[in-house]
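Asks: Predicted model and sequence below, questions to follow.
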Amino acid sequence: MSYNEIVIAGFGGQGVMSIGTTMAEAAMSEGLNVSWLPSYGPEMRGGTANCNVVISDGEIISPIVLEPSELIAMNLPSLDKFESAVKPGGLILVNESIIERKVERNDVRAVYVPSQEIAAELGNLRVANMVMLGAFIEATKLLKFETVVDMLRNIFTGKKANLVEINEVALQRGADCVNV
Amino acid sequence: MSKELWKGNEAIAEAAIRAGCRCYFGYPITPQSEIPEYMSLHMPKAGGVFLQSESEVAAINMVYGATGAGARVMTSSSSPGVSLKQEGISYMCGAELPGVIVNVMRGGPGLGTIQPAQGDYFQATRGGGHGDYRLIVFAPANIQEVVDLMQEAFDLADKYRMPVMMLLDGMIGQMMEPVEWKRPAIAPEDLPEKPWATTGTKNKRLPNIINSLFIDPDACNQHNIRLEEKYARVTESEQRYETNDTEDAEVIFVAFGTPARLARAAVRLLAEDGIKAGVFRPITVWPYPYDALYKIAAQDSVKAVVTVEMNTGQMIDDVRIAVKGARPVSFVGSAGGIIPTPYEVAEAAKKALGR
């Protein structure tokens, strides 16, 4: 049975919640069971935010993630807070653009992604979270890229249809950061 | 039918509309504000009424008025707001009016915190308003169950002419899970008639009167006897619960809502240590499934019963009533918006077993 418990954390406004909902939505459409649990509180843009996503081909017992199998750290406070909680053998994706330090543990796999530089190169800073998602998918093989791209086609229609391509490229550029 | 990813609060609102509810009165409060938000957008589209009242007290009295006129009505709030609604709930019970009240609980007492809690168990099951009355109280543990029970909540409210409460914690309101809409949406005109409602006589019948005042004590006594008979029928017919891994278990966790999920995670941790544990989860916390719990707790294999709650120990009273001293009953939990971990729950079981 696969059972992935993922924490995605960063500043409010970095698209942390939407990485999680995209992941959950994609996993659900691939026939997996999912749950998505946000932190909520008197928080706003610039504050810290995180969400827990559980993806399994079996029953999901608790939606609360205490020991993530995968962590996406979008900023330093998130890496500081969650690094020690990651399961041995787990994965930490680091947003290298604003996190200057390396992962200190050596019993986990660390992948560094300069998500904001890549997004800037692509001409839209808002796709930085899709870069991280692309790296996540490549590193875990938990989801299919096609599933996410199909979802993007359903979300961005009409005048926004041109956003599909840049998001798709962002996913791919994120994937390229992973040394398989 | 395909699955859709829904946030708990929005799923509650959509389920209500699908159940034929066409009147929503409420006032925003975290962690349930997505309910009025969703209603404000979708209730008008369904041809219904969304009204943000000036207060929770006003909202529950609007519910009283609209349900008296025969509409399917709901209101929602979180703990402090539900406290404000208690007078209206008592009046609805006195006047035998249906209606659905959603409480997405947060930490208390007072203003407390906006984080999830279950400190309103006594209020929901013992009555926070005055007089002898009861509510049917559903305590779902996942969003699919929330959706399935919402329809049932409206149906039972109409059937017994009494308010039904959906008692959730903030976590279920805020999280997202896949939902399958199992039942077709109901149009209000297809619902059973309410011959008691104050819909206008059109000079064809005597007026219907909706009232909770019985000034003559004999009449008031008779009214209470009749209500008690109704509550006895509900107790007989409407108990719901779920069990997981209870067969041959050494320790039984009893929990409702989110803590039931934590307890199931604890069951897996205990299995690693060779301890067999199971979970009894009441889905109705009133009427409480006392007999069903007794049968599980009094099995030969069971050495201890542990209740898990996000409060300082409220449902444990009902668990003790159910278990009747047949097994030791202990408590683990935390209040004020802190969610106990499966590790703490598993430790409590070991302690109860003397290990």
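Replies: Sure thing, it's come through. Because the structure is predicted, anything quoted here is derived from the model rather than measured.

Asks: where are the low-confidence patches of chain A?
Replies: Within chain A, the segments meeting pLDDT under 70 span A:42-46, A:180.

Asks: Residues of it that sit close to chain B?
Replies: Residues of chain A that fall close to chain B, judged by C-beta under 8 Å from any C-beta of the partner chain: A:21, A:24-25, A:28, A:33-38, A:40-42, A:60-64, A:66. For the C-beta atoms, the positions are set from N, CA and C on the backbone; glycine is no exception.

Asks: filter the residues you listed to the buried ones?
Replies: For the residues of chain A next to chain B, a burial check counting by 16 or more other C-beta atoms under 10 Å in any protein chain shown picks out A:21, A:24-25, A:28, A:33-38, A:40, A:60-64.

Asks: For the stretch 1-150 of chain B, which residues are neighbours of chain A?
Replies: By C-beta under 8 Å from any C-beta, the residues of the stretch 1-150 of chain B that approach chain A are B:3, B:5, B:30-31, B:114-115.

Asks: and the nearest residue to B:Gly68 once chain neighbours are set aside, what does it touch?
Replies: Excluding the flanking residues, the one nearest B:Gly68 by C-beta to C-beta, 6 or more residues apart in numbering or on different chains is B:Ile210, at 4.4 Å. Shown in contact with B:Ile210 (C-beta atoms under 8 Å, 6 or more residues apart in numbering or on different chains): B:68, B:95, B:97, B:196, B:198.

Asks: how about 7 Å then?
Replies: For B:Ile210, the contact set (C-beta atoms under 7 Å, 6 or more residues apart in numbering or on different chains) comprises B:68, B:95, B:97, B:198.

Asks: Let me see the ranges of the helices in the chain.
Replies: Picked chain A for this. Secondary structure of chain A (DSSP state H): helices at A:16-29, A:76-82, A:115-122, A:128-140, A:145-155, A:163-176.

Asks: other chain: chain B
Replies: B:8-18, B:34-45, B:56-68, B:79-84, B:86-94, B:121-122, B:143-160, B:170-174, B:217-237, B:258-272, B:290-297, B:316-323, B:342-352.

Asks: Which stretch among those helices is buried most, on average?
Replies: Ranked by mean neighbour count, the helices of chain B are led by helix B:170-174 with a mean of 28 (mean count of other C-beta atoms under 10 Å in any protein chain shown).

Asks: Tell me if that helix is near chain A.
Replies: Yes - interface with chain A: helix B:170-174 contributes B:171, B:174 (C-beta under 7 Å from any C-beta of the partner chain).

Asks: Touching that helix from outside, list them.
Replies: With C-beta under 7 Å, 6+ apart as the test, helix B:170-174 has contacts from A:37-38, A:40, B:8-9, B:31-32, B:104-106, B:114-116, B:140, B:143, B:146, B:257-258.

Asks: count of residues packed around the nearest residue to A:Ala175 once chain neighbours are set aside?
Replies: Nearest residue to A:Ala175, sequence neighbours excluded (C-beta to C-beta, 6+ apart): A:Glu138, at 3.7 Å. When neighbours are counted by other C-beta atoms under 10 Å in any protein chain shown, A:Glu138 registers 19.

Asks: A:Glu138 and A:Leu152, how far apart?
Replies: 17 Å (C-beta to C-beta, to the nearest Å).

Asks: Ok, B:Ser83 next?
Replies: 45 Å.

Asks: low-scoring stretches of chain B, by residue?
Replies: Checking chain B against pLDDT under 70 turns up B:1.

Asks: which of the residues of the stretch 1-150 of chain B next to chain A tops the neighbour count?
Replies: B:Pro31 (27 neighbours).

Asks: quick revisit: which stretch among the helices of chain B comes nearest A:Arg101?
Replies: The closest of the helices of chain B to A:Arg101 is helix B:342-352. By C-beta to C-beta, the value is 29.0 Å.

Asks: Specify the angle between that closest one and helix B:258-272 in degrees.
Replies: Angle of helix B:342-352 versus helix B:258-272, following axes from the mean of the first three to the mean of the last three C-alpha atoms, to 10 degrees, is 70 degrees.

Asks: Could you chop chain B up by domain?
Replies: B:4-237, B:241-352 (automatic domain parsing).

Asks: can you list those domains in JSON lines and add distance to A:Glu104?
Replies: Shown next, in JSON lines, are the domains of chain B (distance: least, C-beta to C-beta, whole Å):
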{"stretch": "domain B:4-237", "distance to A:Glu104": "30"}
{"stretch": "domain B:241-352", "distance to A:Glu104": "24"}
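
Asks: A:Arg109: which of those is closest?
Replies: domain B:241-352 (24.7 Å).

Asks: measure that closest one end to end?
Replies: 24 Å (C-alpha to C-alpha, to the nearest Å).

Asks: go on, stretch A:87-105?
Replies: Note: stretch A:87-105 ends 11 Å apart using C-alpha to C-alpha.

Asks: same thing with stretch A:122-136?
Replies: Termini of stretch A:122-136 sit 19 Å apart (C-alpha to C-alpha).

Asks: same question, stretch B:326-345
Replies: End-to-end for stretch B:326-345, by C-alpha to C-alpha: 22 Å.

Asks: Run through who's touching it.
Replies: With C-beta under 7 Å, 6+ apart as the test, stretch B:326-345 has contacts from A:62, A:64, A:66, B:106-107, B:112-113, B:115-117, B:119, B:253, B:258-259, B:262-263, B:265-266, B:269, B:297-298, B:302, B:304-313, B:316, B:319-320, B:323, B:348, B:352.

Asks: what's the answer for stretch A:23-32, then?
Replies: Contacts for stretch A:23-32 (C-beta under 7 Å, 6+ apart): A:34, A:36, A:53, A:55-57, A:133, A:143-144, A:147-148, A:151, B:3, B:5, B:176, B:178.

Asks: which among the residues you listed end up buried?
Replies: A:34, A:36, A:53, A:55-56, A:133, A:143, A:147-148, A:151, B:3, B:5, B:176, B:178.

Asks: Now intersect those residues with the strands, please.
Replies: A:34, A:36, A:53, A:55-56, B:5, B:176, B:178 (DSSP state E).

Asks: Take the residues you listed and write them to a markdown table, including distance to B:Pro36.
Replies: A markdown table is the format used below for those (distance: C-beta to C-beta, whole Å):
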| residue | distance to B:Pro36 |
| --- | --- |
| A:Val34 | 27 |
| A:Trp36 | 22 |
| A:Val53 | 27 |
| A:Ile55 | 31 |
| A:Ser56 | 33 |
| B:Leu5 | 21 |
| B:Met176 | 19 |
| B:Pro178 | 24 |
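
Asks: now, which of those sits nearest B:Lys159?
Replies: B:Pro178 (29.6 Å).

Asks: For that closest one, list each beta-bridge partner.
Replies: Under DSSP bridges, the beta-bridge partners of B:Pro178 are B:Leu5.

Asks: Surely it touches A:Ser35?
Replies: No - using C-beta atoms under 7 Å, B:Pro178 is not in contact with A:Ser35, being 8.6 Å away.

Asks: show me the residues around B:Val267 that make contact.
Replies: B:Val267 neighbours (C-beta under 7 Å, 6+ apart): B:245, B:277-279.

Asks: B:Ile136 versus that one, what's the distance?
Replies: 29 Å.

Asks: Repeat that for A:Arg173.
Replies: 55 Å.

Asks: Please identify which of the two sits among more neighbours.
Replies: B:Ile136 (25 against 22).

Asks: Show me the beta-bridge partners of the closest residue to the more buried one other than its chain neighbours.
Replies: Among residues not flanking B:Ile136 along the chain, B:Val164 sits closest, at 4.5 Å (C-beta to C-beta, 6+ apart). Beta-bridge partners of B:Val164, counted by DSSP bridges, are B:Val100, B:Ile136.

Asks: Next one: B:Val164 relative to B:Glu229, how far apart?
Replies: Relative to B:Glu229, and taking C-beta to C-beta, B:Val164 is found at 18 Å.
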